[in-house]
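Peer 1: generate a structure from the sequence data that follows.
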Amino acid sequence: MCEERDPIVWIVYNDGIRDFSRAEKFGMLKTIVSGQYHNGFLKDSSNMVNFMREVLREYQPGDYLLMVGEPALCGIAITIAREMSSEHNINLLRWNNHLVEYIALELKLSPLEFVPTRAELVKGAIVVGPSLKESQEDFNIR
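Peer 2: Residues are numbered from 1 along each chain as shown. Alright, predicted model coming up:
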């Protein structure tokens with residue numbers, strides 16, 4: 001069982017140039033991948049996943065993933081956070097240019113019991129997933 005602590009904001013990719021200080025209101029900032037490691041990781045996905053898993057070993061429900069950088073890294077971070085969490089919700093932060101601040105999103109991930117193959121999806125033989133209304137409710141903006 002995890003010891004209770006203040007939330008951490010996990011910066012998926014920190015290039016060392018951007019100022020993430022506005023995200024500090026959500027928790028202490030920690031970087032998952034920094035600029036010096038980025039290029040090598042994209043060439044070797046197993047090393048990338050293992051490295052990110054090691055960094056995120058302290059991830060707990062209530063933490064935030066700050067979505068910035070390479071989309072593949074963001075996807076891997078969400079996947080690892082889901083693995084590390086006993087809950088089905090992942091907290092994300094994204095930048096809003098209009099409001100000039102980070103916006104918290106709660107991503108509700110339900111457990112998958114069946115994953116159809118591409119052929120099954122293309123044929124339309126299987127209808128999988130919630131209704132459109134339920135899908136819209138899976139992304140809550142706070």
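Peer 1: grab the longest helix from the chain for me.
Peer 2: Taking DSSP state H as the criterion, the chain has its longest helix at helix 71-84.
Peer 1: mind picking out the helix or strand in this structure with the poorest mean pLDDT?
Peer 2: helix 132-137 (a mean of 44; mean pLDDT, DSSP states H and E).
Peer 1: grab the most central residue of this structure for me.
Peer 2: Per C-alpha atoms, centre = their mean, the C-alpha nearest to the average position across the chain is that of Ile78, at 3.0 Å.
Peer 1: that one contacts Ile90, doesn't it?
Peer 2: Yes: counting by C-beta atoms under 8 Å, Ile78 touches Ile90, with 5.9 Å between them. Heads up, the C-betas are built off the backbone N, CA and C, glycines and all.
Peer 1: shared neighbours, those two?
Peer 2: By C-beta atoms under 8 Å, 6 or more residues apart in numbering, Ile78 and Ile90 have these common neighbours: Leu65, Leu107.
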